[in-house]
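> sequence plus the predicted model coming up.
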Amino acid sequence: MIENLFFDFGGTLDTHGIHWFDMFANAYISLLPESDKHGVWDAYVAVERRLERENVIQPDDNLLTTLRKKMTLHATLLGIDNARLEATLERLYAVVLQRLEASRKMLERLRMAYSNIAVVSNYYGNLSAILRETGILPLVDIVADSTCVGARKPDVRIYQYALEKIGGVPERTVMVGDSLKNDIHPCQQLGMQTIWLNPSDTQQLPLPQATASTWQHVEQLLTGAAENK
């Protein structure tokens, strides 16, 4: 019987299965010459590593501030001027807000069906602030932000931390995430049920326990699990 829901944030609740590299790459496509587009991945990785090492993002930074800081660092590496970057930032921000609102509505519908809901994510120390801003925080019981917990996925300790906080057991918990490496495999290692959010329908063997190709499919699977309690 499933009692607890765990969700990843980055790439799951905020983009519904689209990797953040792809979100940025698609946003920058019109701003870069064809010859420079291969550098987006290098810039993305370099910025993520810097954010892990340095306190660029503060605990009270909201979503727009977080995106602006990250994209400004990308722009410096890619040679994109700030005037063109701002319009791109606003468009991307609007898309992410829309998806977060859809996530909030889904969590609202599922809230009464499950004993505990947790958000477990590699993040920058300000995940609670963003969840509060977007109306999601009142719908969850535990926020496990890797910067605050001191363990990053795929380290199972971040999941063990969340389980301990809710007093839950792995066998009665399901994890929803977009990353096999960071979300699905470590949770299966602990004995949790999993739903892999895979909008590209990538073939992977061995198959995860459950795969969803759309955000609506995730809700269908979770609603079915609740009805089968």
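Sure thing, it's come through. Small disclaimer: the values here were computed from a predicted structure and weren't measured. Numbers count the residues shown, from 1 in each chain.

> okay, strands next: where are they in the protein?
Assigned by DSSP state E, the chain shows strands spanning 4-7, 116-121, 142-145, 173-177, 193-197, 211-212.

> which residue packs closest to Gln220, ignoring adjacent ones?
Nearest non-adjacent residue to Gln220, counting by CB to CB, 6 or more residues apart in numbering: Ala212, 7.9 Å away. C-beta coordinates here come from the backbone N, C-alpha and C atoms, glycine included.

> run through the bridge partners of the one you found.
When bridges are called by DSSP bridges, Ala212 pairs up with Leu197.

> how many neighbouring residues does it have?
Neighbourhood size, Ala212 [other CB atoms under 10 Å]: 22.

> in contact with it: list those residues for me.
Val176, Ile195, Trp196, Leu197, Asn198, Val218, Gln220, Leu221 (CB atoms under 8 Å, 6 or more residues apart in numbering).

> give me the buried entries from those residues.
Applying 16 or more other CB atoms under 10 Å to those, the neighbour count classes Val176, Ile195, Trp196, Leu197, Asn198, Val218, Leu221 as buried.

> ok, these vs Asn82, which is closest?
Asn82 has its nearest neighbour among those in Leu197, at 33.4 Å by CB to CB.

> hmm, back to that, need the strands of the chain in a markdown table (columns: distance to Thr134).
Below are these laid out as a markdown table (distance: least, CB to CB, whole Å):
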| stretch | distance to Thr134 |
| --- | --- |
| strand 4-7 | 13 |
| strand 116-121 | 11 |
| strand 142-145 | 12 |
| strand 173-177 | 17 |
| strand 193-197 | 18 |
| strand 211-212 | 21 |
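
> out of these, the one nearest Ala87 is which?
Of all these, strand 116-121 sits nearest to Ala87, with 28.1 Å by CB to CB.

> excluding chain neighbours, what is closest to the residue nearest the centre of the chain?
Nearest residue to the geometric centre of the chain (CA atoms, centre = their mean): Gly10, 1.9 Å. Among residues not flanking Gly10 along the chain, Ser121 sits closest, at 5.6 Å (CB to CB, 6+ apart).

> same check, this time on Arg91
Per CB to CB, 6+ apart, closest to Arg91 is Ala27, 7.0 Å.

> ditto for Lys70
Computed as CB to CB, 6+ apart, the closest residue to Lys70 that is not its neighbour in sequence is Val47, at 5.9 Å.

> and the longest helix anywhere in the chain, what does it pack onto?
Assignment by DSSP state H gives helix 82-110 as the longest helix of the chain. Helices and strands touching helix 82-110, by 3 or more CB pairs under 8 Å, 6 or more residues apart in numbering; DSSP states H and E, are helix 20-28, helix 63-78, helix 215-227.
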